[in-house]
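# Sequence first, then the predicted structure:
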Amino acid sequence: MQKSPELRKEDGIWTLFADGKPFTMLCGEVHNSSASDAGYMEEQVWPFLKGLHINSLLVPVYWEMIERQENVFDFTVLDAIIKQAERESVKLGILWFGLWKNGISSYTPEWVKTDQKRFFRAADRNNRPMDVVSPFCQAAVDADAKAFGRLMEHIGEKNEEQQTVILVQVENEVGLLGSDRDYSRAANELFGKEIPDGISSLYEKSGTWEQAFGEEAPEVFMEYAYAKAVGRIAKSGKRACPLPMCVNAWIEKFPWRPGGYPSGGPIARFGPLWKMLAPDIDILCPDVYTSDFQGICREYRTADNPLLIPEHRRDIKNISHLFYAVGTCQTLCFSPFGIEDFLMPPETRTGIGNPDVMKILNIDRNAWECEKTGEFLGRAYQLLDSAMEVIYRYQKLGKVYGFLRENEHEKGTVIHLTNCDIRIDYLDQKQDTPKAAGFIIESGEGEFYAAGVNFRYSLLPLKSEKRQLGILEYSEGRFENGMFKRGRILNGDERYCMLMLEKPELQRVKWYFYQED
Ligand code: DGJ
């Protein structure tokens, strides 16, 4: 029997453990509808994942499917997918599409959708009911919590042998879209009252929501509502099976108005509120479809929140962001969206990509383009998978140094090792290749590894150093069971310039000092 998955913070580093060992999810998320049919997964998903070298996959479980009739549960499809994952030696993250998915309640069962008295809707500013069950509707939150609890109990039973499910996302991109707050009767009543004690002490404010938060009041009010509801749902699931749990955010976007992005979702600036009201949620996560990647990582990776990226845009930016997320930010998971498309011939893809849908989702067309990504991603995942043991070892010692070129104005960076510096020159990437990114692992005195794409590097003596630096051996290779397995030794013409080109590589450099007479 394998050990249960868990999340631990040791020496200041958050680590996800699967089967008792540190595990970074080199992952992908399937399209929204793929996991509703195990036969479809068999034919249209798994075959196209092989070349990507993923070690884990994120798949939704839908409330409308598991509880078609109230209190009658059916996990047939999930069980089949767990079996498939076990056959493929891939771990699973489950996405609970319950009361809310991208701001709406489209995955609720028919008995919820049609009983609007018991499960009342949120209303917009004009008092029109929305396609969203109100987060103030306690009966709905209780019904979701019950279903989620039952799902987790089932996952706990399924996990007994192989511990295949290692992560659970509660709901998906919650928050209200199309209105800054819920204007239903129940919501209006609460909005006129004094803010609750917890919110009052957290923000050191008092009075009604408007008195306390002014023009921000509608958004803070919705944050309170969703965090409390999701907290209640997560608690019910955690009690049944204590797997690591996360929530994902549709992050703030132009024009930066709540309701334009889901109002009430776990965006970074509301982290403390979410941590207070939903303590069973271990990780708040960003879905990354925009481009300020370092900024997003900085916002979400805090002392009490590890980085975990459950959704990432699909273009070639993936590769550079992956190296940065693993090397610099110790991400627990990196997961491009619609992963089954990446190595699938374009004509057989069933995923969306229609311009109207992209507009509704507020996603740039170019963020969706995955034509060139698959081959690079597969290579990067393979390289990283073999290197993770070594990366964990040196991250603990603070000896892994990552970098990422954000734009063409950045020329390079300098990395400081113990006895020398490394100068990194970013290469201008050819079209459709990843921008410069990577990391250096200082593995000993006079030895380091370099990994990544599109940069040139060279040894730089420390400013105070009088001696010269020379190369003892420069080679390419890969890791096997934590040991470097050397490939070619790069000497002669290949030694003048130490280079990482557009395909992800791993190289080792051994160097020494020599004296001038
Ligand atoms: C973000 C959502 O979380 C996903 O489920 C999916 O809808 C993507 N957007 C885009 O298709």
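Perfect, thanks for sending it.

# tell me the contacts of the closest residue to residue 159 other than its chain neighbours?
The shortest distance from residue 159 to any non-neighbouring residue, by Cβ to Cβ, 6 or more residues apart in numbering, is to residue 165 (5.6 Å). Yep, even glycine has a C-beta here, placed from its N, CA and C like the rest. Taking Cβ atoms under 8 Å, 6 or more residues apart in numbering as the criterion, residue 165 is in contact with 5, 82, 91-94, 155, 158-159, 243.

# most surrounded residue in these?
When the contacts of residue 165 are compared by neighbour count (other Cβ atoms under 10 Å), residue 92 ends up highest, at 27 neighbours.

# Then that one would be within a strand, right?
Yes: under DSSP: H, G, I helix; E, B strand; the rest coil, residue 92 sits within a strand.

# Quickly list what it is bridged to.
residue 57, residue 165 (DSSP bridges).

# distance of the residue nearest to residue 159 from the ligand?
Distance check for residue 165 against the ligand: by Cβ to the nearest ligand atom, to the nearest Å, it reads 19 Å.

# likewise residue 471?
To the ligand, residue 471 is 47 Å away according to Cβ to the nearest ligand atom.

# sec struct for that residue, please.
Classification of residue 471 using three-state DSSP returns strand.

# That one touches residue 495, doesn't it?
Yes: the pair residue 471 and residue 495 qualifies as a contact (Cβ atoms under 8 Å) at a distance of 6.6 Å.

# Looking only at neighbour counts, state which of these two leads.
residue 471 (15 against 12).

# Name the nearest residue to the more buried one, ignoring sequence neighbours.
Closest residue to residue 471 apart from its sequence neighbours, by Cβ to Cβ, 6+ apart: residue 511 at 5.4 Å.

# Let me know how buried the one you found is, in neighbour terms.
For residue 511, the neighbour count with other Cβ under 10 Å is 19.

# before we move on, which element is it in?
Secondary structure assignment for residue 511, by DSSP states H and E: strand 505-514.

# mean confidence for that strand?
Taken as a whole, strand 505-514 has an average pLDDT of 97.

# That strand pairs with which strands, parallel or anti?
strand 447-453 (antiparallel), strand 468-480 (antiparallel).

# How about the residues of the stretch 301-450 of the chain by the ligand?
With Cβ under 6 Å from any ligand atom as the criterion, the stretch 301-450 of the chain meets the ligand at residues 311, 337, 361.

# got CSV for the residues you listed, with pLDDT too?
Output for these, formatted as CSV (pLDDT from 0 to 100):
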residue, pLDDT
311, 98
337, 97
361, 78
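
# Show the buried residues in those.
By the neighbour-count criterion of 16 or more other Cβ atoms under 10 Å, those include these buried positions: 311, 337.

# now, which of the residues of the stretch 301-450 of the chain next to the ligand lie within strands?
When these are checked against strands using DSSP state E, the ones located there are residue 311.

# Next up, the contacts around the closest residue to the ligand within the stretch 251-400 of the chain.
Nearest to the ligand, among the residues of the stretch 251-400 of the chain, is residue 361, at 5.0 Å (Cβ to the nearest ligand atom). Going by Cβ under 8 Å, 6+ apart, residue 361 touches residue 102.

# quick one: the strands in the stretch 51-200 of the chain?
Chain-ordered strands for the stretch 51-200 of the chain, with DSSP state E, counting those that start in this stretch as the definition, fall at 56-62, 91-101, 121-123, 129-133, 165-172.

# and if you look at the stretch 201-350 of the chain?
Counting by DSSP E, counting those that start in this stretch, residue ranges of the strands within the stretch 201-350 of the chain are 245-250, 283-288, 309-312, 333-336.

# Present those as CSV; the columns should include distance to residue 229.
Below are the strands of the stretch 201-350 of the chain laid out as CSV (distance: least, Cβ to Cβ, whole Å):
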stretch, distance to residue 229
strand 245-250, 11
strand 283-288, 15
strand 309-312, 20
strand 333-336, 24
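
# Out of those strands, which gets nearest to residue 348?
Of all those, it is strand 333-336 that lies closest to residue 348, at 18.4 Å by Cβ to Cβ.

# In contact with the nearest residue to residue 247 once chain neighbours are set aside, which residues?
Setting aside the residues directly before and after it, residue 247 is nearest to residue 266 in space (Cβ to Cβ, 6+ apart), at 4.8 Å. For residue 266, the contacting residues are 174, 227, 247-249, 274, 284-285, taking Cβ under 8 Å, 6+ apart as the criterion.

# and if we set it to 7 Å?
By Cβ atoms under 7 Å, 6 or more residues apart in numbering, the contact set of residue 266 is 247, 249, 274, 284.

# Quickly list what the first one is bridged to.
In other words, residue 247. Residue 247 forms beta bridges with residue 284, as assigned by DSSP bridges.

# For it, report the pLDDT, please.
Per-residue confidence (pLDDT) for residue 247: 98.

# still on that earlier bit, residues of the strand holding residue 511 that come out buried?
The neighbour-count criterion (16+ other Cβ under 10 Å) identifies 505-509, 511 as the buried residues of strand 505-514.

# gap between that strand and the chain center?
Chain-centre distance of strand 505-514: 33 Å, with Cα atoms, centre = their mean, to the nearest Å.

# which residues are in contact with it?
Here strand 505-514 has contacts from 383, 387, 446-451, 459, 467-478, 484, 498, using Cβ under 7 Å, 6+ apart.

# Write the ChimeraX selection for whichever of the residues you listed are buried.
Per 16+ other Cβ under 10 Å, the buried members of these correspond to this ChimeraX selection:
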select :383,387,446,447,448,449,450,451,459,469,474,475,477,478,484,498
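
# Now the residue of the stretch 51-200 of the chain found nearest the ligand. Its backbone dihedrals?
Using Cβ to the nearest ligand atom, the single residue of the stretch 51-200 of the chain nearest to the ligand is residue 173, 4.4 Å away. Residue 173 adopts backbone torsions of phi 40, psi 60, taken as degrees, to the nearest 10.

# Report the contact partners of the residue nearest to it when sequence neighbours are not counted.
Taking Cβ to Cβ, 6+ apart as the measure, residue 173 lies nearest to residue 250, with 4.2 Å between them; neighbours along the chain are not counted. Residue 250 is in contact with 102, 173, 175, 261-262, 265, 287, counting by Cβ under 7 Å, 6+ apart.

# swap the cut-off to 10 Å and go again
With contact taken as Cβ atoms under 10 Å, 6 or more residues apart in numbering, residue 250 is in contact with 102-103, 172-175, 177, 261-262, 265-267, 286-287, 289, 311, 361-362.

# Stretch 31-45: end-to-end distance?
10 Å (Cα to Cα, to the nearest Å).

# Over to stretch 83-96?
19 Å.

# ok now do residue 117, which residues does it touch?
Contacts of residue 117 (Cβ under 10 Å, 6+ apart): residue 139.

# Just the pLDDT at it, thanks.
According to the prediction, residue 117 has pLDDT 97.

# go on, residue 110?
In the prediction, the pLDDT value recorded for residue 110 is 98.

# what number of residues lie near it?
Using other Cβ under 10 Å as the criterion, the residues surrounding residue 110 number 10.

# quick one, what contacts it?
When the contact criterion is Cβ under 10 Å, 6+ apart, the partners of residue 110 are 64, 68-69.

# among these, which ones are buried?
Neighbour counting by 16+ other Cβ under 10 Å classes residue 64 among the contacts of residue 110 as buried.

# export the contacts of residue 110 to a markdown table and tack on distance to the ligand and pLDDT?
Shown next, in a markdown table, are the contacts of residue 110 (distance: Cβ to the nearest ligand atom, whole Å; pLDDT from 0 to 100):
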| residue | distance to the ligand | pLDDT |
| --- | --- | --- |
| 64 | 15 | 98 |
| 68 | 22 | 98 |
| 69 | 26 | 98 |
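
# quick one, what contacts the residue nearest to residue 325 when sequence neighbours are not counted?
In space, residue 325 comes closest to residue 331 once its chain neighbours are excluded; the distance is 3.9 Å by Cβ to Cβ, 6+ apart. If you count contacts by Cβ under 10 Å, 6+ apart, residue 331 has them with 14, 16, 24-26, 285, 297, 300-301, 306-309, 321-322, 324-325.
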